[in-house]
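Engineer: Sequence below, structure please.
(chains A and B)
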Amino acid sequence: MNAREKILGRIRNAQARANGAAVAAIAPRTEAVASHLALHPRGPLPPHPDNLLARFKECALKLSSDVLETGDRKEVPTLLARYLNERNLPVSGVCWPSLAGLPWSAAGLDMQPRPAKNQDLVGVTGAFCAIAETGTLMLLSGTETPATTSLLPETHVAVLDPRRIVATMEDAWDLLRREYKQPPRAVNFISGPSRTADIEQTVTLGAHGPYRVLLILAPA
Amino acid sequence: MKNNSINFKRQVTIKLADVKLQSALSRLQSRFVEGRAAVISEISDFEETRTAAAAIRDRVLNDLEHWLMHFEQQATARGAIVHWAETGADVNRIVAEIAVQHGVRTAAKSKSMVSEECGLNDALELAGVTVMETDLGEYILQLAHEAPSHIVAPVVHKNKEEISDLFAEKHQLPRKTGIAELCREAREILRPAFLNADMGISGANFLVAETGSALIVTNEGNGRLVTTLPRVHVAITGIEKVVPTLEDVTTLLRLLPRSATGQSITNYVSVLTGNKNKDDHDGPEHFHIILLDNGRSSLVGSEMQEMLRCIRCGACMNHCPVYQNIGGHAYGWVYPGPMGSILTPLLGGLEKSPDLPNASTLCGACAVVCPVKIPLPDLLRKLREKQMERGMKSRRETFMLKAWAWLALHPPVYALATKFGVRAMSLLGGKNKLLHTLPGASGWTDGRDFPAPEGLTFREIYQRRNRQ
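Structural biologist: The predicted model follows:
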């Protein structure tokens, strides 16, 4: 007997003993599993915020993200250029291919539409959606949406359509189920710059991931 | 990791006298305990969420076989390879085999308490694989050749100065003194390790049966790096970590970071499903998931099953007056505090950890803060009962407990004994009304005086009132 059969066998016998029942009653349990999966009921939820955008911004700021807004997506490069210059940060980096069409060079930026490498200091991504409850971004990995762009550079910039802000993570899962058959290789929820409190429980921003996260809200 | 919990009492004496440790532990209380208190109020009904979380865990544990099989089926369908391990040694063997299969020479690892159970790093080094811990705390411990002393904040026992000295010695760089500088130095030293590793090793906070995914929560981003850059990813976790659906895991995620570090959410929550697609630029080509039993299945269906609800937040230890005074190393194995005082004897053998079930005042703080409502004091009490039943208590303790039981079953004798006992102790207490020694209870009076009783016994007062 291999380890799998031994472990599952021990669990099966223990549960049968505990229920005082024969091992045979498997069918109704398989059914219970299937019905829970089909219904995937939600647990207790926080109250729905009156204003998703306001709630999202408030929580994102609390998590040390920076937030900028514009009504025109073409303005994104200008906003980003100003943000980087104010902080003396490098003005070149990489972006997701879907954002390659924005007028980066007109704003004095050099954004290469390719996955990030170690030496890239600015990474610009989109987002699948965002969650108002915690001020969190939800990113899906994929050929056109590499995961490294939000991870390796010291500055992560996410361009987000405010209409893609949902109330809770549960709403985000429903959106994912509606638009995709199954989750991609990696679903990454990002809530501000990477941090550690391992030394003397003192929070320090910029551990192994980005030092800063800038959210630019701009309608698609 | 070797179970050294047999030496608990000796370790306690050492830890209580350790001034540096005592100041480190006080920080834990201010950051984590106060942090949690501040952030749980964000949830409109924290109690209701705890109840739901406990029910989610029970749903899985009451039908663990089916949920595990469903998880395995879904994970396999997406291209992951699921391995089953009965013991820590089996995990080590499986990881070493995966390393050979894929020609792995270096591995980058994010924090995994299950891998600490197995002693994985030493085993891999023996198999010729260089392992680099990348969680800042675990990296510091690897440099210092020490074990974690807390399941969430593994290096809580060390202060900044010790870490400065350690980095200066091991990195051969000018000594840094600021915490931000130390973090930057570790980042720069570790970045090449992520980029060059052939294999990434992680734990999994949860396994989602619905999608066959491994879910990892991290703050530093190292968990994302080790599961994104290397061509092989191995996730190691316990068989009890399965959760049915994405909704269920979301309920648990409202509680885990709040209970652990006082955060409303960790910086990163990664839900990892299967291998990278053909055209993807990143992600592992091979994804292995190892499910470890190591004694967990023996708790299923038993009176201790509730312990398997545990989601490893560490709130019980943060709030435990015993942990707060002795730290994690005294407990002698991977898991300290109340949850460790139960898990260590259950997974490693009660006879090897006789003191752990008794390392609690049963004050109940752990049960109050536990996000999945594990009745920790009840489980500790059950372990104490087992020790009594199996004759594992010392002869003196057994005698005293029997004498007490006899007395309690004979009320007139009890009344008489307490009547004279109280008066005798009151006399011995003298002017300060304190007893410096008590026969048979030197363990108590060695560290503090016993307040001498004053006046009458409860029974005497009660009788007098009834007469009036």
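
Engineer: tally of neighbours for the residue in the stretch 301-450 of chain B positioned nearest to chain A?
Structural biologist: Closest residue of the stretch 301-450 of chain B to chain A, C-beta to the nearest C-beta: B:Gly301 (3.2 Å). Every residue, glycine included, has its C-beta placed from N, CA and C. When neighbours are counted by other C-beta atoms under 10 Å in any protein chain shown, B:Gly301 registers 21.

Engineer: all helices for chain A, in order.
Structural biologist: Using DSSP state H, the helices of chain A run over A:3-19, A:27-39, A:52-62, A:76-86, A:169-179.

Engineer: mind putting those helices in TSV, mean neighbour count included?
Structural biologist: Below are the helices of chain A laid out as TSV (neighbours: other C-beta atoms under 10 Å in any protein chain shown):
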stretch	mean neighbour count
helix A:3-19	17
helix A:27-39	12
helix A:52-62	18
helix A:76-86	18
helix A:169-179	18
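
Engineer: Stretch B:164-177 near chain A at all?
Structural biologist: No - remark: stretch B:164-177 sits outside contact range of chain A, by C-beta under 8 Å from any C-beta of the partner chain, the gap being at least 9.5 Å.

Engineer: Chain B: strands as residue ranges?
Structural biologist: Using DSSP state E, the strands of chain B run over B:81-85, B:106-109, B:130-133, B:199-202, B:206-208, B:213-218, B:232-238, B:242-243, B:268-272, B:286-292, B:434-435, B:450-451.

Engineer: again, but for chain A
Structural biologist: Using DSSP E, strands in chain A cover A:66-69, A:92-95, A:110-112, A:122-125, A:129-131, A:136-140, A:155-160, A:165-166, A:186-190, A:195-196, A:204-205, A:212-217.

Engineer: To A:Arg29, which of the ones you listed lies closest?
Structural biologist: strand A:186-190 (29.2 Å; C-beta to C-beta).

Engineer: Quick check: which ranges of chain A have low pLDDT?
Structural biologist: A:21-27 (pLDDT under 70).

Engineer: Can you give me the distance of A:Thr143 to A:Val91?
Structural biologist: 27 Å (C-beta to C-beta, to the nearest Å).

Engineer: domain assignment for chain B?
Structural biologist: B:5-297, B:395-467 (automatic domain parsing).

Engineer: typo on my end, it should be chain A
Structural biologist: Split by automatic domain parsing, chain A gives A:3-39, A:52-217.

Engineer: what about those, which gets the closest to B:Asn62?
Structural biologist: Taking the domains of chain A one by one with C-beta to C-beta, domain A:3-39 is closest: 7.2 Å.

Engineer: Distance check, the residue of the stretch 101-250 of chain B found nearest chain A against A:Ser194.
Structural biologist: Relative to chain A, the nearest point of the stretch 101-250 of chain B is B:Gly221 (2.7 Å; C-beta to the nearest C-beta). Counting by C-beta to C-beta, the separation of B:Gly221 from A:Ser194 is 4 Å.

Engineer: And for A:Pro90?
Structural biologist: Distance from A:Pro90 to A:Ser194, by C-beta to C-beta: 19 Å.

Engineer: Looking at the two now, which is surrounded by more residues?
Structural biologist: More neighbours surround A:Ser194 than the other of A:Pro90 and A:Ser194, with 28 against 14 (other C-beta under 10 Å).

Engineer: count of neighbours near residue 145?
Structural biologist: Assuming you mean chain A. 22.

Engineer: my question was about chain B
Structural biologist: 6.
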